[in-house]
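In: Just to be clear, the model below is a prediction. Sequence and coordinates:
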Amino acid sequence: MRKKFLPFTLPDITKKEISAVSKVLKSGWLTTGLVTQKFEKNFAKFIGVKYAVAVNSGTAALHLALDAIGLKSGEEVIVPTLTFTATAEVVTYFGAKPVFVDCREDTFNIDPVKIEKAITKKTKAIIPVHIGGQACNIDEILKIAKKQNLKVIEDAAHALLSKYKGRMIGTISDLTCFSFYPTKSITTGEGGMVTTNNKKWAEKIEIMRLHGISHEAWNRYSKGGSWYYQVLYPGWKYNPTDISSALGIEQLKKCNLFYKKRKEIVESYNRAFKDMEEIQGPYVEPYNQPAWHLYIIKLNLDKLTISRDKFIEELRKRNIGTSVHFIPLHLQPAYKKYGYKVNDFPVANKVFQQIISLPIYSKMTDRDVKDVIWAVKEIVKKYKR
Ligand SMILES: Cc1ncc(COP(=O)(O)O)c(C=O)c1O
């Protein structure tokens, strides 16, 4: 058994990032500036989209995307119940209602069939989440949205480098939101990005991320800038620093490399678990190329004498860190006031009891991967029915 605890995730930071960040620290310009502009330009090119606007979190990206489409108090936005709270909490910022929808049992993504049933006259938008980096069925969601005149904002916090039917996530829907939180495919410490092909929305987001003040406001302290500015709207303070953007530029260069490493880990896990009936590896739609942000196993509880919680505890005893993505939001106290009943979302309830996210990140060694496999197999052997 391994002696040292294997964290569930670790960022992959090298001298390149440290030197890029130091350069900004020594430059005299720390907040949003030319380095952020470069990060945005590089990101847009990488994704293949017209506009990319950087912000200081994935949550801010979602908030500003909803602001750009003009969400209003009393309206509704459809979100999966199986997601992180950020996806739904941003809807509440507007006095709007997050309308939860159940997930699919195989991909854990929002179920398009159930989206249709959740639409009312008040529905303004749908926020599908690409769980673990596997794209939702976007064509189907866009078809529903078009029919009902709704906007689609993809929560792609897990989906940097995911492809759907050969198309890069970030280029397809009205707006797409990425996160650069330290657990994600690339990190800026804290950060996020909105991508869109709509100039009007991109400009609005750029203004609203910095207090709603006019376009060139970030530049007002430099020689070429002007002290004069206009506050066009009451906005927010969501602009990223050039420090974090410098980190982002270096991380983005390695995005493909990180993906390749994660893909190798997926192949090792798939090979190791394929003949085990007690656990099931991830199901992948034939048209998807997941970013493999997560590797989620599903326990076949009928074949085991322990629960998911106990399985996690056993992994921890063997020094393997794990996580669960996610605790369904309808079970969380914060969302009780919307009146959902536990049994309104039977699929999410069921899969929530079965899922464990195993470590998958570029800094893992072959030994780490073997240790995870060994631990999973040993627990299964010990507790098989
Ligand atoms: C699905 C999902 N959406 C949104 C977010 C929010 O991103 P951030 O932590 O950058 O605000 C997360 C993050 O951690 C997430 O997992």
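Out: Right, received. Where do you want to start?

In: Can you tell me the SS state at Lys223?
Out: Going by DSSP: H, G, I helix; E, B strand; the rest coil, the secondary structure assigned to Lys223 is coil.

In: Spatially nearest residue to the residue nearest the centre of the chain (excluding sequence neighbours)?
Out: Centroid-nearest residue in the chain: Ala157, 1.6 Å away (criterion: C-alpha atoms, centre = their mean). Leaving aside its chain neighbours, Ala157 sits nearest to Ser179 (3.8 Å; criterion: C-beta to C-beta, 6 or more residues apart in numbering). To be clear about C-beta, it is placed using only N, CA and C from the backbone, and glycine gets the same treatment.

In: List the residues that contact whatever residue of the chain ends up closest to the ligand.
Out: Closest residue of the chain to the ligand, C-beta to the nearest ligand atom: Gly58 (2.6 Å). Residues in contact with Gly58 (C-beta atoms under 8 Å, 6 or more residues apart in numbering) are 86, 155, 157, 177-181, 184, 191-192.

In: measure it to Arg167 for me?
Out: In this view, Gly58 and Arg167 are 21 Å apart by C-beta to C-beta, to the nearest Å.

In: Also Glu75?
Out: Distance from Glu75 to Arg167, by C-beta to C-beta: 29 Å.

In: Those two - which one has more neighbours?
Out: Remark: of Glu75 and Arg167, Glu75 carries more neighbours, 19 against 16, as counted by other C-beta atoms under 10 Å.

In: Tabulate the contacts of Gly58 (JSON lines), appending pLDDT.
Out: JSON lines is the format used below for these (pLDDT from 0 to 100):
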{"residue": "Ala86", "pLDDT": "98"}
{"residue": "Asp155", "pLDDT": "98"}
{"residue": "Ala157", "pLDDT": "98"}
{"residue": "Cys177", "pLDDT": "98"}
{"residue": "Phe178", "pLDDT": "98"}
{"residue": "Ser179", "pLDDT": "98"}
{"residue": "Phe180", "pLDDT": "98"}
{"residue": "Tyr181", "pLDDT": "98"}
{"residue": "Lys184", "pLDDT": "96"}
{"residue": "Gly191", "pLDDT": "98"}
{"residue": "Gly192", "pLDDT": "98"}
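
In: export these to a markdown table and tack on secondary structure and distance to Asp344?
Out: Listed next are the contacts of Gly58 as a markdown table, based on DSSP: H, G, I helix; E, B strand; the rest coil; distance: C-beta to C-beta, whole Å:
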| residue | secondary structure | distance to Asp344 |
| --- | --- | --- |
| Ala86 | helix | 21 |
| Asp155 | strand | 21 |
| Ala157 | coil | 24 |
| Cys177 | strand | 26 |
| Phe178 | strand | 30 |
| Ser179 | strand | 28 |
| Phe180 | coil | 33 |
| Tyr181 | coil | 29 |
| Lys184 | coil | 30 |
| Gly191 | coil | 34 |
| Gly192 | strand | 30 |
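
In: Identify the farthest-apart pair in those residues.
Out: Farthest pair in the contacts of Gly58 (C-beta to C-beta) is Asp155 and Gly191. Separation: 15.3 Å.

In: returning to what we had before: could you report the pLDDT at the residue of the chain closest to the ligand?
Out: Note on Gly58: pLDDT of 98.

In: and the nearest residue to it once chain neighbours are set aside, bridged to which residues?
Out: In this structure, Gly58 finds its nearest non-sequential neighbour in Ser179, 2.7 Å apart by C-beta to C-beta, 6+ apart. Counting by DSSP bridges, Ser179 forms beta bridges with Gly192.

In: just checking, Ser179 touches Val194?
Out: No: using C-beta atoms under 8 Å, Ser179 makes no contact with Val194, being 11.0 Å away.

In: how about the residues of the stretch 101-250 of the chain near the ligand?
Out: Selection of the stretch 101-250 of the chain residues close to the ligand by C-beta under 6 Å from any ligand atom yields 129, 155, 157-158, 179, 181, 192.

In: if we go to 8 Å?
Out: Proximity of the stretch 101-250 of the chain to the ligand, by C-beta under 8 Å from any ligand atom, involves residues 129, 131, 155, 157-158, 177, 179-181, 183-184, 190-192.

In: Export the residues you listed as a markdown table, with columns for distance to Ile213.
Out: Output for those, formatted as a markdown table (distance: C-beta to C-beta, whole Å):
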| residue | distance to Ile213 |
| --- | --- |
| Val129 | 32 |
| Ile131 | 37 |
| Asp155 | 27 |
| Ala157 | 28 |
| His158 | 32 |
| Cys177 | 22 |
| Ser179 | 25 |
| Phe180 | 24 |
| Tyr181 | 27 |
| Thr183 | 32 |
| Lys184 | 29 |
| Glu190 | 22 |
| Gly191 | 21 |
| Gly192 | 20 |
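
In: in this protein, which spans are strands?
Out: Secondary structure of the chain by DSSP state E: the strands cover 51-55, 76-80, 97-101, 123-126, 151-155, 163-164, 167-168, 175-179, 192-196, 279-280, 288-289, 295-299, 355-358.

In: pLDDT averaged over the last one - what is it?
Out: Right, the one you point to is strand 355-358. On average, strand 355-358 scores 98.

In: i'd like the first residue to be 523 from this point on
Out: Taking 523 as the first residue, the last one we looked at is strand 877-880.

In: Just read off the phi/psi values of the residue nearest to the centre of the chain.
Out: As for Ala679, its main-chain torsions (degrees, to the nearest 10) stand at phi -60, psi -30.
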